[in-house]
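Novice: fold the following and give me the result.
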Amino acid sequence: MKFSSGSNAPGIRVPPGAIDCHHHIYDARYPAAENATLRPADALIADYRALQARIGTTRNVIVQPSTYGVDNRLLIESLAAFGLRNARGVAVVNTSVTDAELKQLHDAGVRGIRFNLAPPGTTTLDMVGPLARRIAPMGWHIQLNAPAAALLDARSVWSDLPVPMVFDHLGRVPQPGAVNHPTFAMIRGLLQQGKAYVKLSGFYNESKVGYPSYSDSVQVATLYAKEAPERLVWGSDWPHPTEKDKGYPDDAHLIDLLSEAVPDKAARHRILVDNPARLYQFA
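Specialist: Below is the predicted model of the structure:
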């Protein structure tokens, strides 16, 4: 394992059945997409299982990373290794995907598709509507990773989809002043309408305060939790592929930051267990 994400246990105990809703698997046995810019070292199934043992989560959602484009073979293999009782996946597809391929992904445990909209690459904004209509009968959702400006520019798209949306990493609302940003207001509106979820993940992405408190990002998470605790999920973002040059965060510390943002134990149970069980169709 060529990365490190800490060795201590969290200060809080997560509830039984806690679900990490955002992590990746990397394996050099599978080739990177030709246009991939993020090419981290291997982060294997055994490595992730060691993380689970340390932080206490027992179920997980594997997110297809941009590294592999629309080649979801490693995702399918990884889901089979974890088993459908404990794992779900979010795939990346484009409009050339066949109905048979979508069914194969569903049978493997996939329950959503991810769009990484900036910079444009494997998927583009014009694919969102057509693909949303195709995945709606399966009860899937669309996951969005994009800078706040790109999300705001496409606000008319998000208000008219037949499936839920999941905004990665607190909605990528920029700091400082994130809670006054129009994208934050847009996401709050979609939460209030029951059209969206937000992942309390990637606290380091937009933070200007930085390690160890990430207090600006914690404030954003706190306000989301006060607004709509029933529309939030948590994710580790392990193995933190964007953080190589800045230093990998301690995953146990990230869970403790969740307890800071959401001090109410019942609300944390909803975020770690109930909400993701519903969203990702865990039995």
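Novice: can we go C-alpha only for contacts and neighbour counts from here?
Specialist: OK.
Novice: and the longest helix seen in the chain, how far from the chain's centre?
Specialist: Looking across the chain with DSSP state H, the single longest helix is helix 215-227. How far helix 215-227 lies from its chain's middle: 17 Å, per CA atoms, centre = their mean, to the nearest Å.
Novice: helices and strands around it, which ones?
Specialist: If you count contacts as 3 or more CA pairs under 8 Å, 6 or more residues apart in numbering; DSSP states H and E, helix 215-227 packs onto helix 182-192, helix 203-206, helix 251-261.
Novice: what's the mean pLDDT across the second one?
Specialist: When the per-residue pLDDT values of helix 203-206 are averaged, the result is 95.
Novice: contact partners for residue 265?
Specialist: Contact analysis of residue 265 by CA atoms under 8 Å, 6 or more residues apart in numbering lists nothing.
Novice: confirm that residue 143 sits in a strand.
Specialist: Yes - Residue 143 sits within a strand when classified using DSSP: H, G, I helix; E, B strand; the rest coil.
Novice: angles on the backbone of residue 201, please.
Specialist: Main-chain dihedrals, residue 201, degrees, to the nearest 10: phi -150, psi 170.
Novice: next: residue 167.
Specialist: The phi/psi pair for residue 167 (degrees, to the nearest 10) is phi -90, psi 120.
Novice: before we move on, what about the one 10 residues further on?
Specialist: Torsion angles at residue 177 (phi, psi; degrees, to the nearest 10) stand at phi 80, psi 30.
Novice: residues near it, how many?
Specialist: 10 (other CA atoms under 10 Å).
Novice: do the same with residue 38
Specialist: 14.
Novice: wait, it sits on residue 68?
Specialist: No - contact criterion CA atoms under 8 Å: residue 38 and residue 68 do not qualify, at 9.5 Å.
Novice: what's the longest helix of the chain in contact with?
Specialist: Outside helix 215-227, the residues touching it (CA under 8 Å, 6+ apart) are 170, 175-176, 178-179, 188, 192, 200, 203-204, 206-209, 232, 257-258, 260-262, 267.
Novice: how about the contacts made by residue 172?
Specialist: Per CA under 8 Å, 6+ apart, neighbours of residue 172: 145, 146, 147, 148, 205, 206.
Novice: so where is this structure shaky, pLDDT-wise?
Specialist: Scanning the chain for pLDDT under 70 picks out 1-6, 118-120.
Novice: where do the helices sit along the chain?
Specialist: 45-55, 73-82, 99-108, 128-135, 148-153, 155-158, 182-192, 203-206, 215-227, 251-261, 265-269, 275-279.
Novice: measure the residue of the chain most remote from its centre to residue 106 for me?
Specialist: Ranked by distance from the centre of the chain (CA atoms, centre = their mean), the top residue is residue 100, with 25.4 Å. Using CA to CA, to the nearest Å, we find residue 100 at a distance of 10 Å from residue 106.
Novice: over to residue 256?
Specialist: 33 Å.
Novice: the more surrounded of these two?
Specialist: Under the criterion of other CA under 10 Å, the comparison of residue 256 against residue 106 puts residue 106 first, with 21 against 18.
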